[in-house]
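**Q** Sharing a sequence plus its predicted fold:
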Amino acid sequence: MKKFRVLNGVVLLSSMLLLLTACSGGETKKAADKKPDTAQNSKVELSIDGGEYIIPDGETVDDETGFLALNIKLKNKSDEKLEISSADFSLYGEDGEKVSSEHVYDSKGNFKVMSSESLSEDKSFTEPLVFEVDKDAKYELHYKPTYYSEDEKDEGVELKLDTKKYTDHTKAVEELVSQYVTTVFYDSDDKEEPKLKLSNDLTQERKAFKEDGINLLKKGFTNYDASNEEVGKIITQIQASNREKAQVTYRFKESFPETAAIYVRPEVVLLQKADKDAIVKQFVDENKGKYSDYASAQRDAEKYLIQELPTRIKEVAIDTPADMNGEGYRIDLEKKDGKWEINSANESQNYTFKSLKSSFRGGLNE
């Protein structure tokens with residue numbers, strides 16, 4: 001019995017040792033599989049200080065491929081000045097195919113890719129480089145100087161990266177524009193909270209949009225002094241009809257970490273499509289012989305038109321504004337203090353946004 005117990009103890013101890021060895025081997029393999037976030041040699045230390053997907057001007061992307069902007073950090077470990085160029089960096093796919101960096105910039109001049117840098121000893125810099133990649137793939141970033149001394153060729157360094165771990169904010173930025181359209185132009189509350197935040201005062205802009213629409217429409221009636229309440233019913237119905245049946249498409253002109261430009265293409269209810277002549281004719285038919293002076297007839301005809309327009313607007317089919325080009329109206333956004341701001345300023349250079357506002361209030365121009 002004692003031998004049996006001793007044997008059991010030996011077997012148990014051996015099993016534990018085997019188990020510990022197996023666990024230890026697993027941890028070693030796991031540690032080996034973990035990719036370092038820096039790579040270095042005797043002269044430089046290379047790392048990636050974040051990155052995200054962008055859309056350069058004139059480019060189209062999809063769910064599978066995109067343009068990845070990587071913030072490349074390079075430190076000079078040597079005791080001499082280094083001349084660094086974007087041509088020193090390349091990306092290689094798992095199949096060994098080389099991907100060169102793209103020369104891109106945003107229209108505002110805020111985003112600039114790495115060009116050439118002089119890097120003093122023990123100094124570092126961080127600059128973006130952009131590569132067209134598959135969004136779920138593994139690559140190697142290679143740094144190898146294209147210029148070297150005559151007596152030696154500098155050895156390069158390689159850094160592994162997984163494109164799947166980088167964020168694509170473009171859809172979230174598009175959602176912000178959609179939120180603005182829904183809140184301000186449709187006079188409606190967006191049910192879903194966007195992932196990103198707008199810094200625009202939507203409550204104030206929503207109120208101003210309706211008030212401006214009322215004031216502009218009142219100017220079109222010269223014979224009847226309509227109240228804000230009467231004209232407001234027309235503007236309210238335009239917003240309600242657009243909320244119900246307008247169709248809006250969005251397409252990026254460009255999207256960068258701090259700026260973006262989106263084309264908004266609306267198909268909306270336009271006041272000119274409402275058959276106002278039919279309303280006036282109906283008034284004339286119902287009131288033949290009732291007026292002795294023309295001014296009174298004109299006044300009451302306009303009043304009748306104002307009363308009937310909300311009903312007729314419900315019947316108007318959506319259409320694209322005549323002044324809109326095929327791409328739509330360009331809307332500019334800029335990121336400030338962690339929030340995005342749509343440029344809704346009433347300025348002459350922001351004429352495309354003014355045209356967009358006009359389209360959503362039935363074509364009433366400022």
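**A** Looks like it arrived, so ask away. Residues are numbered from 1 along each chain as shown.
**Q** what about the helices in the chain?
**A** Secondary structure of the chain (DSSP state H): helices located at 2-33, 170-180, 202-218, 228-245, 276-286, 294-313, 351-360.
**Q** For the longest one, what does the pLDDT average out to?
**A** Averaging pLDDT along helix 2-33 yields 38.
**Q** cool, the second one as well?
**A** Throughout helix 170-180, pLDDT has a mean value of 96.
**Q** which residues are contacting that helix?
**A** Here helix 170-180 makes contact (Cβ atoms under 8 Å, 6 or more residues apart in numbering) with 53-55, 61, 190, 194-196, 198, 200, 202, 248, 250, 252, 255, 260, 262, 264, 331, 333, 340, 342, 344. The way it works is simple: take the backbone N, C-alpha and C, and place the C-beta from them, glycine included.
**Q** Just the ones of those residues in strands?
**A** Residues of those located in strands (DSSP state E): 53-54, 248, 250, 252, 255, 260, 262, 264, 331, 333, 340, 342.
**Q** Would you mind giving the residues you listed as JSON lines with neighbour count and distance to Lys218 added?
**A** JSON lines is the format used below for the ones in strands among the contacts of helix 170-180 (neighbours: other Cβ atoms under 10 Å; distance: Cβ to Cβ, whole Å):
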{"residue": "Tyr53", "neighbour count": "21", "distance to Lys218": "47"}
{"residue": "Ile54", "neighbour count": "27", "distance to Lys218": "45"}
{"residue": "Val248", "neighbour count": "19", "distance to Lys218": "27"}
{"residue": "Tyr250", "neighbour count": "17", "distance to Lys218": "32"}
{"residue": "Phe252", "neighbour count": "20", "distance to Lys218": "38"}
{"residue": "Ser255", "neighbour count": "26", "distance to Lys218": "40"}
{"residue": "Ala260", "neighbour count": "26", "distance to Lys218": "36"}
{"residue": "Ile262", "neighbour count": "24", "distance to Lys218": "32"}
{"residue": "Val264", "neighbour count": "24", "distance to Lys218": "27"}
{"residue": "Ile331", "neighbour count": "22", "distance to Lys218": "28"}
{"residue": "Leu333", "neighbour count": "22", "distance to Lys218": "32"}
{"residue": "Trp340", "neighbour count": "22", "distance to Lys218": "34"}
{"residue": "Ile342", "neighbour count": "23", "distance to Lys218": "27"}
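**Q** Tell me where the model's unsure across this structure.
**A** Along the chain, segments meeting pLDDT under 70 span 1-36, 147-154, 190-191.
**Q** Any idea which residue is closest to the centre of it?
**A** Val173 (2.9 Å; Cα atoms, centre = their mean).
**Q** Give me the distance between that residue and Asp57.
**A** 15 Å (Cβ to Cβ, to the nearest Å).
**Q** got it, and Leu159?
**A** 28 Å.
**Q** Equivalent analysis for Val157, please.
**A** Val157 is 32 Å from Asp57, by Cβ to Cβ.
**Q** So for these two, which residue has more residues nearby?
**A** Val157 (18 against 14; other Cβ atoms under 10 Å).
**Q** quick one: contacts for the nearest residue to that one once chain neighbours are set aside?
**A** Closest residue in space to Val157, ignoring its immediate chain neighbours: Ala39 at 4.3 Å, by Cβ to Cβ, 6 or more residues apart in numbering. For Ala39, the contact set (Cβ under 8 Å, 6+ apart) comprises 45-47, 143, 157-159.
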